[in-house]
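Enquirer: predicted model, plus sequence, below.
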Amino acid sequence: MSDHNDRYVFEAEWYDKIACMLKKFYLYYYSSDNTVELFDLKTRKTFLRRTTCDGIKAKDFYVGSVITIFSRCIKITGYADTCTKTKLEMQLQKVFVLLKPDVIDKMGEILKMIINYDFHIMNLKMIKLTVDDIAENCFIKKDIVDKTSVINYLISGPVVALELLGGNGITRWQELAGPEDSNHARLTAASSLRACYGKDEICNAVYGSKDTETVIQELQYFFPNSKSKNKGPKNTATLQNCTCCIIKPHAIQEKLVGAIIDDIQKAGYMIIAAQQFYVNPINSEEFLEIYKGVLPEYTAMVAELQSGPCIVLEVSCKDENPNIVADFRNLCGPMDPNIARQIRPNTLRAKYGKTKIQNAIHCSDLPEDGILEVEYFFKILDGI
């Protein structure tokens, strides 16, 4: 093995579909020559000798990331030594961010700007803040006189909570967000989020944690881990006059979330609920069971859905639309992106899909499936 200064060690896991078991590894990454190695913790043997993998870059290695190594989707679950933890946590910082109620209709645009600023979206959930949520956290500056107006603004509609990860994250978030007062931001930081989307000091589009301590507190509150008794704030799903859209794991890895949501919103649709899910193998099979024996790609579709985080949307229209499922399918386009590019080049799959399996999004097929599929994620899986 080479100089250990360039070596990073992670705890990782992979679900072996043939053996029907979760395998755990140490994943070694060597930044000097961009090579990886896998050590099987159960057999105590090398599973994959040190080798180069196409498409893998240093920035892909962080806790929560899913890395494809020779068609296997390996999820990084933790640091395996303190040296890796120290080095990466100095480079990468988490930030808790809120998109405030009056910019939800611009959510796609804002997410595009966040991603273009080199932040990873680690978690996402649309919620409705309560007065208690606001009291428990640091959303209001101590020196603001009219606290009532701020509270009324924050509870006036849904917000989107985000967990972001980026190099020197807290400082760089403040740069991207701009000064608190949107009017001041327009004079001093014209390309910042508050300059582009805020109105004044109260309606200023976004909030982000100011220091590491606040980040930890707010992430634990809004995105508690699975062992926590606190489930975090409820999702905003209405399960009415809606259809389901899933942004697939490969599209998230390719940083297309903002672009896809932006296209959906610009096409006149409303996003009523949004949440990131990791779909386990059993749930993936169950959700896609309708295609078993119908589509030859069923097994590959199941593997794609569980290969990393996906973002699920409840999509609706401003007006009561009896054909919401069919209309939204038209925006998505044919299942095969190559066909979509030939006959419907402006559809989502034509623009963002790669193959019939990695076709960027899943959308509901039948009128009755819209509500049922939204319910599956936002009522059944989110309630587990």
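Expert: Looks like it arrived, so ask away.

Enquirer: Lys210 contacts Trp173, correct?
Expert: No - here Lys210 lies out of contact with Trp173, judged by Cβ atoms under 8 Å, at a distance of 9.3 Å. (Glycine included, C-beta is placed from N, CA and C.)

Enquirer: so those two - more neighbours on which side?
Expert: Applying other Cβ atoms under 10 Å to Lys210 and Trp173 shows that Trp173 carries more neighbours, namely 24 against 14.

Enquirer: ok, now how distant is the more buried one from Tyr15?
Expert: Using Cβ to Cβ, to the nearest Å, Trp173 is found at 34 Å from Tyr15.

Enquirer: and what of Glu218?
Expert: 31 Å.

Enquirer: what do you get for Ile151?
Expert: For Ile151 relative to Tyr15 (Cβ to Cβ), the value is 44 Å.

Enquirer: please apply the same query to Asp319.
Expert: 43 Å.

Enquirer: more neighbours: these two, which one.
Expert: More crowded of Asp319 and Tyr15, by other Cβ under 10 Å: Tyr15, with 19 against 8.

Enquirer: what comes into contact with the helix or strand containing that one?
Expert: Element membership for Tyr15 (DSSP states H and E) is strand 7-16. Outside strand 7-16, the residues that touch it by Cβ atoms under 8 Å, 6 or more residues apart in numbering are 1, 21-31, 38, 61, 63, 72-81, 83-84, 87-88, 280-281, 306.

Enquirer: can you flag the buried ones in those residues?
Expert: Among the contacts of strand 7-16, those buried by neighbour count (16 or more other Cβ atoms under 10 Å) are 23, 25-30, 38, 61, 63, 73-77, 79-80, 84, 87, 281, 306.

Enquirer: next step: the residues you listed restricted to helices.
Expert: 84, 87, 281 (DSSP state H).

Enquirer: can you pull the contacts of the first one?
Expert: Think Thr84. Neighbouring residues of Thr84 by Cβ under 8 Å, 6+ apart: 8-10.

Enquirer: and those, which is closest to Ala135?
Expert: Among those, Phe10 lies closest to Ala135 (Cβ to Cβ), at 37.8 Å.

Enquirer: and the closest one, how far from Cys317?
Expert: Counting by Cβ to Cβ, the gap from Phe10 to Cys317 is 44 Å.

Enquirer: more crowded one of the two?
Expert: Between Phe10 and Cys317, counting by other Cβ under 10 Å, Phe10 is the more crowded of the two (26 against 16).

Enquirer: I'd say Lys379 and Cys244 touch.
Expert: No - using Cβ under 8 Å, Lys379 makes no contact with Cys244, being 11.9 Å away.

Enquirer: quick one: low-confidence parts of the chain?
Expert: Along the chain, segments meeting pLDDT under 70 span 1-5, 143, 228, 384.

Enquirer: ends of stretch 37-56, what's the gap?
Expert: Terminal residues of stretch 37-56 lie 13 Å apart, using Cα to Cα, to the nearest Å.

Enquirer: so how far is it from its chain's centroid?
Expert: Relative to the centre of its chain, stretch 37-56 is centred 27 Å away, using Cα atoms, centre = their mean, to the nearest Å.

Enquirer: buried ones in it?
Expert: 37-39, 47-48, 56.

Enquirer: and if you look at stretch 133-147?
Expert: 133-134, 137-140.

Enquirer: need those in TSV with distance to Ile114, can you?
Expert: As requested, the buried residues of stretch 133-147 are arranged in TSV below (distance: Cβ to Cβ, whole Å):
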residue	distance to Ile114
Asp133	22
Ile134	23
Asn137	20
Cys138	20
Phe139	18
Ile140	23
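
Enquirer: just put the residues you listed in JSON lines and tack on distance to Val302 and secondary structure.
Expert: Below are these laid out as JSON lines (distance: Cβ to Cβ, whole Å; DSSP: H, G, I helix; E, B strand; the rest coil):
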{"residue": "Asp133", "distance to Val302": "36", "secondary structure": "helix"}
{"residue": "Ile134", "distance to Val302": "41", "secondary structure": "helix"}
{"residue": "Asn137", "distance to Val302": "38", "secondary structure": "coil"}
{"residue": "Cys138", "distance to Val302": "42", "secondary structure": "coil"}
{"residue": "Phe139", "distance to Val302": "40", "secondary structure": "coil"}
{"residue": "Ile140", "distance to Val302": "45", "secondary structure": "coil"}
